[in-house]
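Visitor: one predicted model, sequence on top.
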Amino acid sequence: MSTGEGFLHADRLFPADPSTRSIARGLYDAVSELPIVSPHGHTEPVWFAEDQPFTDAASLLVVPDHYLFRMLFSTGVSHDDLGVPRLDGGPVANGRDIWKTFATHYHRFRGTPSNLWVDHAMSVVLGCPEPLTAGNADELYQHINQQLARPEFRPRAFLDRFKIETIATTDGALDPLVHHRKLAGDGWIGRVRSTYRPDAVTDPETEGFADNLRLFGEMTGADTSQWDGMIEAHRIRRAEFRRYGATATDHGVPSAVTANLPLVEKQRLLDGAWTGTLTASEAELFRGQMLTEMAGLSAQDGMVMQIHAGVRRNSDAALFRSRGANKGADIPLRTNWVDGLQPLLDKYGHAPDLRIVVFTVDETTYARELAPMAGHWPCLMIGPPWWFHDSPHGIRRYLDQVVETAGFYNLAGFNDDTRALLSIPARHDVWRREVCGFLAGLVADHRLSRTDAEEICIYLSYTSAKQAYRFSS
Amino acid sequence: MSTGEGFLHADRLFPADPSTRSIARGLYDAVSELPIVSPHGHTEPVWFAEDQPFTDAASLLVVPDHYLFRMLFSTGVSHDDLGVPRLDGGPVANGRDIWKTFATHYHRFRGTPSNLWVDHAMSVVLGCPEPLTAGNADELYQHINQQLARPEFRPRAFLDRFKIETIATTDGALDPLVHHRKLAGDGWIGRVRSTYRPDAVTDPETEGFADNLRLFGEMTGADTSQWDGMIEAHRIRRAEFRRYGATATDHGVPSAVTANLPLVEKQRLLDGAWTGTLTASEAELFRGQMLTEMAGLSAQDGMVMQIHAGVRRNSDAALFRSRGANKGADIPLRTNWVDGLQPLLDKYGHAPDLRIVVFTVDETTYARELAPMAGHWPCLMIGPPWWFHDSPHGIRRYLDQVVETAGFYNLAGFNDDTRALLSIPARHDVWRREVCGFLAGLVADHRLSRTDAEEICIYLSYTSAKQAYRFSS
Amino acid sequence: MSTGEGFLHADRLFPADPSTRSIARGLYDAVSELPIVSPHGHTEPVWFAEDQPFTDAASLLVVPDHYLFRMLFSTGVSHDDLGVPRLDGGPVANGRDIWKTFATHYHRFRGTPSNLWVDHAMSVVLGCPEPLTAGNADELYQHINQQLARPEFRPRAFLDRFKIETIATTDGALDPLVHHRKLAGDGWIGRVRSTYRPDAVTDPETEGFADNLRLFGEMTGADTSQWDGMIEAHRIRRAEFRRYGATATDHGVPSAVTANLPLVEKQRLLDGAWTGTLTASEAELFRGQMLTEMAGLSAQDGMVMQIHAGVRRNSDAALFRSRGANKGADIPLRTNWVDGLQPLLDKYGHAPDLRIVVFTVDETTYARELAPMAGHWPCLMIGPPWWFHDSPHGIRRYLDQVVETAGFYNLAGFNDDTRALLSIPARHDVWRREVCGFLAGLVADHRLSRTDAEEICIYLSYTSAKQAYRFSS
């Protein structure tokens, strides 16, 4: 990207065959400087609203990144030593010690995407002169902290420096959106956008679900004890999110189940959700019905519906009790998109303005389910490789398995989906390099002309995400 | 193939590494001119029986090809504009307009096998001077229509020109086989063959199933109200199909379930099928029992049994109501071959003359189920990559995942399985090129000698299909 | 390996791209001469205890190797002709005829790992001058038999010659361990080790299960009619196995189901197991509870727990009746590790000394389940590709799918898992070559330095297995 490669090799990730590599390099030249469109992720809106400097390498790079501490935990490092906060407020390591621990075990990320992302952030973003080792840990810690204090490392300057044209945060349906209001006042909406994520009021297995529904009613003036009122509350809040640049909703669900029930049945489920008396399968049905309802609202208001299905959250109960959610113990589940989406598609599959972007961590569904489905239904697009599969080999498997059946034009481009702000340029760069590599393979195979490859490459690196998420250009 | 490459690159699809490519090219030289054996497909027998010229590029190339219109539909083109007929007889676009629409959106097939097939048909078969674009659409439309009027483009001449040694059509158990009778009179049986496809009388969820059974009885003189009579009707019709060159049967089923029930239970299912009172799971059991019965008949009469399992047909109910079946909304289902085939194999797995060729659209079963099963049971062979997976990457994944466990000699060679007559040479060519590429990789790896690779290459391109389908040479 | 390559090509299995191949070759130079650590396999302890010469090529190479006879059976060769013994004592072919049959059909192994293993054994181990053909079968048969008579082909000399530093046998919980006692007397424990495999007393669907439990009680003096006594019997026998070098246990189960039941429920299951009255799902629950119990014992005694899950054994009932188990009709089953292991992990997932190595034949679980799970839980490691997937392409798929999420340091190195003694050097060699090829790809991609690659290469070829299995160095 624009600020040079630092200690990274300019040809990294390109295919080894010299002529294919040369094609890939040429394609990359056409996309490496394109702006970044980040339509889905988990950065904190407060960063962009308040634009305060970051202060500490460890708390910025290690502590929020579950990719990092999960791997080290799996090989025997304690969460305390990695600074993962305890819910009981007990002490954990301080920044310098966390950083030292991280550096000492950094070799354990060899061969993983974390290695690419951290190296990129340290080299390209932070100007570190060499990769992290136990030996240079203290020195680099100091160097990074000094860098972070400089104006060009403030969040808004970061967006400028790495040409992040637009970035979406993900905010709960109950979020007061105070930071987005501040951003609006500063004329920053569009550059930063919200995304409507209503899981806390659509998943009856959420803790405090009845309280959430009550608050949801209070925020919107709708009667959330009645099914139609509850849907109306969504309609109201979706409109409000759109005022803060939101063009999309996001739905995290353990399965792809959807439903299409009569009103009396829906109300019965809602009543049970209020009283906390739903069985596990009723709760799944409730979530499934809510997906269908959200599709109905999207067909009306044009918000792009994202479905991230198939993860068992917090599978380590002891860890969840001691340190809470998003601590690296979320595990993919096999996902049945064909049966799951059938009720939703039966009802809304032909709605002209509906767009659904699906994300999976079950790669077996790429070629068997998602590509065939996206290759028929106009409303369906396939999101980029998600979570564990947002990696060089993961992207290769994805392109290998989706393109021949879904084509390039049913793909939604790239999402970085990260909480790790500094990894955003790295993640987009890996995607672009892998797309170039894949297309170079098709050119070398004489399946695609060099010119067509460049057009697709620009499309997948930039245009497709803007179009898929209906960002006005 | 024999008529030159036109605007296609001679090295297309070969591996990029120069030495591997050179090996692949050498192997391809040994097979590119071999005759085509097409043991399974969906061309129309009337074409070969009547041998009338085709007249229109759009109705020959676009309208019958669900690969083409499904992709364009998925990206926003209407079925009307693509000329997909409406069941209500309402108007759809005419040939020239269909062709223009197709050309305008042809770039959406980049990276897909359709792109390879259409380019091949236009270049090698039809002699178009360049790939289709919106700009040359009208000109090429006229060119193709003129070509089609020439004698060498009549169906029989087409078979000659592309060395199609034998081609099997697929015909329902209730088909009167009038075209095959004509072909027999012309001495063309052997060149063109029938295949026995009894789904309409083995799947009780078929519309009009009782009527079908009644007709089946009338055609054969057997009492299809009784289980044994119904089986006898199959025996009679299978014999009749064999008179028209059929060496194989074909069975399209949503799952791989088979059954092995006592007669009283079978009769109970048949009674329910007649009265339309079977539950969904009883219907599955009926189909499963029929697969076992068909295996039993194959063990007696030597007809090769093809099982195409695991597709949800017509998953878009609105489309099915408005335009009928085979409109691109058929979606793969996960398929359990291990549990599914167990009852059949328990009963007939060691029958000396039984041969079953299995086809899957669930690629996860290649390495986990089909290769291990075919690597043990003498009666089982693995069919080529099916449907969505009949593509360059699909073939690579197939060979990657089946060969090491099943070897080359449990594979049934290639099927084109197409309704698109002009794509037949292209499809066999893609298979041959990919086989050459795979084998070249083994030669480059020093796992296989060049000589052995050539022998296998000829086998997989030609001999294996003849042997697997028991065509006398 | 140390004795030269014979008729094998020195660069076999390395990537075709010249620069990548050159990196792979360099890496291989660093590991090709490392000792072999074989922590899991099925060689016969009597071989090493008695150290008698082998006498016959066919009975050593063909008859015990189900990879070989299953493939030939699947292509039409009879078990009798391959010398697979009949339980009724009926005659089967003699050594020379078996060998001749094998040679005649040896081309059917092209493209399979058996081809690599047999060629390696014949060339490198046995000094045959050329690959086996029908033409040289008699000559090579004689040559091999003469070789086997020489002192350096005795089992212990074989271990020396191929630098097999340590080899584990797999022995049932009821095994009297007489051969290991002899080995102990000879000071050979450590070089040869036992592994505790208690399936016969943990799987109530084993034939003669009650007799087994009774004998288990007699051997240990524990009251195996009571749950706690039965667990105590395991504790006692595990300690005894440790005296014979065992550092690991091994569990072959059809599914990954585990359980965590109250004592009263466990006793109820045990009572049913004694009386043979458990249903299939109760039997599964029993096995699942036993896995959890074994994990509890491992957490106490430090023995590494191996779980080999997901195979339907003896799926060909007729073959099982006529010739018994391990005859090539074992077929992989889809395996659900996420749900399956949850109860065990809930109970013992954080036990400090627990180590579980998991093996799967369901490759779809590599990226979706095993890598994410191993990338979180400190107790979990992923075993090498198992059974059908212990092959060049199988290893490529494995590394492709596990490394990015689990890293290299959650992998347990290599197991040969074989009954075919002479194939051990070949199997480790294939693993090392493929690891070199994979790492060379990462170096060529500039994801990994040459130095780091060499370190990982040594780790995966040698160190990791020693560490994973807690062999003192």
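Guide: It's in.
Visitor: hmm, residue A:58 is touching residue A:96, no?
Guide: Yes. At 7.3 Å, residue A:58 counts as touching residue A:96 under the criterion of C-beta atoms under 8 Å. In short, each C-beta sits where N, CA and C put it, glycine included.
Visitor: more neighbours, the two?
Guide: Each of residue A:58 and residue A:96 has its neighbours counted (other C-beta atoms under 10 Å in any protein chain shown); residue A:58 has more, 22 against 16.
Visitor: distance of that one relative to chain C?
Guide: In this view, residue A:58 and chain C are 21 Å apart by C-beta to the nearest C-beta, to the nearest Å.
Visitor: so what pLDDT did that residue get?
Guide: Residue A:58 carries a pLDDT score of 96 in this model.
Visitor: do the same with the one 3 residues further on
Guide: For residue A:61, the pLDDT comes out at 95.
Visitor: swap in residue A:6?
Guide: Looking at residue A:6, its pLDDT is 88.
Visitor: ok, it - contacts?
Guide: A:122, A:123, A:124, A:127, A:128, A:129 (C-beta atoms under 8 Å, 6 or more residues apart in numbering or on different chains).
Visitor: surely residue A:296 and residue A:348 touch.
Guide: Yes. Residue A:296 lies in contact with residue A:348 (C-beta under 8 Å); the separation is 6.1 Å.
Visitor: before we move on, the earlier item: may I ask which two of the contacts of residue A:6 are separated the most?
Guide: By the measure C-beta to C-beta, A:124 and A:129 form the most distant pair in the contacts of residue A:6, at 12.2 Å.
Visitor: which one's more surrounded, these two?
Guide: The residue with more neighbours, out of residue A:124 and residue A:129, is residue A:124; 22 against 12, by other C-beta under 10 Å.
Visitor: distance of the spatially closest residue to the more buried one that is not a sequence neighbour relative to chain B?
Guide: Distances taken as C-beta to C-beta, 6 or more residues apart in numbering or on different chains put residue A:6 closest to residue A:124, at 5.2 Å, once the chain neighbours are dropped. According to C-beta to the nearest C-beta, residue A:6 stands 30 Å off from chain B.
Visitor: cool, and residue A:173?
Guide: Residue A:173 is 31 Å from chain B, by C-beta to the nearest C-beta.
Visitor: equivalent analysis for residue A:448, please.
Guide: Residue A:448 is 6 Å from chain B, by C-beta to the nearest C-beta.
Visitor: likewise for residue A:78?
Guide: The value you get for residue A:78 to chain B, if C-beta to the nearest C-beta is used, is 37 Å.
Visitor: equivalent analysis for residue A:74, please.
Guide: Relative to chain B, and taking C-beta to the nearest C-beta, residue A:74 is found at 26 Å.
Visitor: so that residue makes contact with residue C:411?
Guide: No. Contact criterion C-beta under 8 Å: residue A:74 and residue C:411 do not qualify, at 11.5 Å.
Visitor: can you give the contact residues for the worst-scoring helix or strand of chain A on mean pLDDT?
Guide: Here the helix or strand of chain A ranked lowest by mean pLDDT, DSSP states H and E is helix A:57, holding a mean of 94. The contact list for helix A:57 (C-beta under 8 Å, 6+ apart) reads A:95, A:99, A:140, A:141, A:144, A:145, A:148.
Visitor: element containing the spatially most distant residue from the centre of chain A?
Guide: For chain A, the C-alpha farthest from the mean C-alpha position belongs to residue A:264; by C-alpha atoms, centre = their mean, that distance is 35.7 Å. Of the helices and strands defined by DSSP states H and E, residue A:264 is found in helix A:263-275.
Visitor: residues of the helix or strand just after that helix that come out buried?
Guide: Counting by DSSP H and E, the element after helix A:263-275 in chain order, helix or strand, is helix A:280-301. Judged by neighbour count (16 or more other C-beta atoms under 10 Å in any protein chain shown), helix A:280-301 contains these buried residues: A:283-299.
Visitor: taking the centroid of chain A, which residue is nearest it?
Guide: Nearest residue to the geometric centre of chain A (C-alpha atoms, centre = their mean): residue A:417, 2.0 Å.
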